[in-house]
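Chemist: Fold the following, please.
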Amino acid sequence: MVQTFALPILHLATCGRVTPQRFWRIAMYCGWSEGVHSPGLEEVDYGEISDARDDIPKTIPWLKYSELRYLEELGDVEAIEDAIVHRGGYWMWMRPDRFPLDDVATQCAPSFVTHGVSKSNHTLSVLERLPLELLHIIAHRCSLTSLLSLASASRIIRFLLLGSETSRNSLAAAWITKNAPWFSPVTSGLEPRYEMNKVRDAWVYLQRCCASGSMRNRARIWKLAEQIEEVATRSGL
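Modeler: Here you go, the predicted structure:
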């Protein structure tokens, strides 16, 4: 059975090169026409969900039923929900198209630097002397944790990268486009288009995506879609 909500991700992740028809040919080539008893393509790593796909999968695969009652000790409903989604593994069953756009504009981004940083009495490091354009190129190539580490290298670097709302949003939007295109909102349909213009506060939106179970599952499906194309290429399909 093909989960049709994953087909738009297949289209985007492969730039339209793997169509539903080509995907069907891949499945037939891998033996599905002969009644293969497998939950997926053998050459594809399905990520964390691999251990949870059985005949009767558990709704919360990473928590034993005896552990669920202790979640009440967290007290806060949002904390319990977060524990079920991430710690419990429920994110694997969430639809991968619930972009966290709601109320993004009303969220408050953390205040990194509110005033300019004076360079007059400060001997600039090699990193601080880099042109801003080059610093942004480096930031765009970093993982998110490395980007935050880079921004923490000094007050000046932090100011240059994250010191204003415009800087934060520009950096976040460019980082999503280059490193996490699955976070970008898209139009509906089997051949969707990116709609980053819907995001008004890209820095806050990026934070919300990182905390979203739906986006976590979307990233997983995106990466296995790329693997499916690799299988097709190796098989000459």
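
Chemist: can you pull the buried residues of the lengthiest helix in the chain?
Modeler: The helix that spans the most residues within the chain, counting by DSSP state H, is helix 213-235. Applying a neighbour-count criterion of 16 or more other C-beta atoms under 10 Å, one finds 213-225, 228-229, 231-232 buried in helix 213-235. Backbone N, C-alpha and C define where each C-beta goes, glycine included.

Chemist: go on, stretch 170-188?
Modeler: L171, A172, A173, A174, W175, I176, A180, W182, F183, S184, P185, V186.

Chemist: got it, and stretch 6-16?
Modeler: Of the residues in stretch 6-16, A6, L7, P8, I9, L10, H11, L12, A13, T14 count as buried by neighbour count, 16+ other C-beta under 10 Å.

Chemist: Nearest residue to the second one in space, please, no chain neighbours.
Modeler: Excluding its sequence neighbours, the residue lying closest to L7 (C-beta to C-beta, 6 or more residues apart in numbering) is L190, at 5.4 Å.

Chemist: swap in the first one?
Modeler: In space, A6 comes closest to I221 once its chain neighbours are excluded; the distance is 5.3 Å by C-beta to C-beta, 6+ apart.

Chemist: again, but for the fourth one
Modeler: Take I9 and drop its neighbours on the chain: the residue closest to it by C-beta to C-beta, 6+ apart is I221, 5.0 Å away.

Chemist: residues in contact with the one you found?
Modeler: Going by C-beta atoms under 8 Å, 6 or more residues apart in numbering, I221 touches A6, I9, P96.

Chemist: for this protein, which spans come out with low pLDDT?
Modeler: 1-3, 32-40, 50-57, 103-122 (pLDDT under 70).

Chemist: which parts of stretch 190-203 are buried?
Modeler: Within stretch 190-203, the residues that qualify as buried are P192, M196, V199, D201, A202, W203, counting by 16+ other C-beta under 10 Å.

Chemist: roughly how far is it from the heart of the chain?
Modeler: Put simply, stretch 190-203 sits 14 Å off its chain's centre (C-alpha atoms, centre = their mean, to the nearest Å).

Chemist: do the same with stretch 230-237
Modeler: 26 Å.

Chemist: can you check stretch 58-78 too?
Modeler: Remark: stretch 58-78 is offset 24 Å from the chain centroid, using C-alpha atoms, centre = their mean.
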